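no FASTA, just this:
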């Protein structure tokens, strides 16, 4: 916590990105001087056109991709400077949810969920799947809360896309994370399954105090569920504010004129002005 000059105690950010950049070879920068911070329990959506750098940003935060410059601080730890063992430990606090689930289809639901505990295990325990009774009970409890109690012992290739994504959420939650990074988690789902996933993520944020940073193509969904919107275009942040502040002008900065008009029409103009 930080005490301001006025004497008001403020919570330190859980995540800070300071002038983060990413360059792929001689190509244009995927990220350019990205700076923002996120507080504990916030639900933040990152929106922008394809190729804007949204996925690159999320993957730099947990160092699935190495940034080219700048600093990332998570829960007080300098992410970009951590050694391998320290990074493994840090990643236990950051759950990752993927567009295409990243499950092992031939394994059961409960086995996939328990993989979320691997960051806490020795190599030996991980190879042989040695999990404690408490870990198994926690995994079962999370699956029940996500409506998957009847599917625990099914192979994952028997599940629908929405069910697979709930398994992905359960795998992330069993880590006991402080933040979830969600990379287009509903892009492959139909509207009904998408609503179920977004409702679960919002509930997780509100009831468990877990920070959610989520990439979304669906602007209407981002505006409905998020506390805050970060708009990215060509690797730069062009908007950082409340959903209510997203109007036609903001959308044109993020997506360009024609796409902004289309999105505004879809919203019925309710976020204008």
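Thanks, I have it. Since we're looking at a predicted model, the values are computed, not measured.

Now do the contacts for residue 49.
By C-beta atoms under 8 Å, 6 or more residues apart in numbering, residue 49 lies in contact with 233, 254, 255, 256, 259. (C-beta placed from N, C-alpha, C; glycine too.)

In JSON lines, list those residues along with pLDDT and distance to residue 141.
Conversion of the contacts of residue 49 to JSON lines gives the following (pLDDT from 0 to 100; distance: C-beta to C-beta, whole Å):
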{"residue": "233", "pLDDT": "95", "distance to residue 141": "41"}
{"residue": "254", "pLDDT": "94", "distance to residue 141": "39"}
{"residue": "255", "pLDDT": "91", "distance to residue 141": "41"}
{"residue": "256", "pLDDT": "81", "distance to residue 141": "46"}
{"residue": "259", "pLDDT": "59", "distance to residue 141": "43"}
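
from the chain's centre, how far out does the helix or strand where residue 221 lies sit?
Using DSSP states H and E, residue 221 sits in helix 219-225. Taking C-alpha atoms, centre = their mean, to the nearest Å, one finds helix 219-225 lying 15 Å from the centre of the chain it belongs to.

who does it touch, helix- and strand-wise?
Applying 3 or more C-beta pairs under 8 Å, 6 or more residues apart in numbering; DSSP states H and E, one finds that helix 219-225 makes contact with strand 43-47, helix 191-208, helix 257-266.

got the angle between the helix or strand following the second one and helix 191-208?
Translated: helix 191-208. Under the assignment DSSP H and E, the closest C-terminal helix or strand after helix 191-208 is strand 211-215. Counting by axes from the mean of the first three to the mean of the last three C-alpha atoms, to 10 degrees, strand 211-215 lies at 150 degrees to helix 191-208.

Sheet-wise, list the partners of strand 211-215 with their directions.
strand 43-47 (parallel), strand 179-183 (parallel) (DSSP bridges).

can you tell me which of these comes nearest to residue 132?
strand 179-183 (23.4 Å; C-beta to C-beta).

circling back to that earlier point, of the contacts of residue 49 - the most surrounded one?
The residue in the contacts of residue 49 with the most neighbours, by other C-beta atoms under 10 Å, is residue 254 (23 neighbours).

Give me the residue ranges of the stretch 1-150 of the chain where confidence is low.
For the stretch 1-150 of the chain, applying pLDDT under 70 flags the ranges 1-10, 122-128.

Swap in 50 and give it another go.
In the predicted model, the stretch 1-150 of the chain carries pLDDT under 50 at residues 2-4, 6, 8-9.

Please, where are all the helices along it?
54-61, 84-91, 109-114, 123-127, 133-145 (DSSP state H, counting those that start in this stretch).

quick one: which of those is nearest residue 151?
helix 109-114 (5.3 Å).

Name the residues that touch the closest one?
Applying C-beta under 8 Å, 6+ apart, the set of residues contacting helix 109-114 is 103-104, 129, 131, 135-136, 139-140, 142-143, 148, 151-154, 156, 159, 167, 170-171, 174.

Check stretch 214-228 too.
Under C-beta under 8 Å, 6+ apart, the answer for stretch 214-228 is 42-47, 50, 54-55, 57-58, 180-187, 194, 198, 201-202, 229, 240-243, 246, 251, 263, 266-267, 271.

pLDDT on that stretch, on average?
The average pLDDT within stretch 214-228 is 96.

List the buried residues for the helix holding residue 221?
219, 221, 222, 223, 225 (16 or more other C-beta atoms under 10 Å).

just to revisit the earlier point, put together CSV for the helices of the stretch 1-150 of the chain, with mean neighbour count and distance to residue 38 on each row.
Below are those laid out as CSV (neighbours: other C-beta atoms under 10 Å; distance: least, C-beta to C-beta, whole Å):
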stretch, mean neighbour count, distance to residue 38
helix 54-61, 22, 10
helix 84-91, 13, 16
helix 109-114, 23, 26
helix 123-127, 11, 30
helix 133-145, 16, 23
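
okay if I get those helices as JSON lines plus distance to residue 18?
Converted to JSON lines, the helices of the stretch 1-150 of the chain look like this (distance: least, C-beta to C-beta, whole Å):
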{"stretch": "helix 54-61", "distance to residue 18": "12"}
{"stretch": "helix 84-91", "distance to residue 18": "17"}
{"stretch": "helix 109-114", "distance to residue 18": "34"}
{"stretch": "helix 123-127", "distance to residue 18": "34"}
{"stretch": "helix 133-145", "distance to residue 18": "34"}
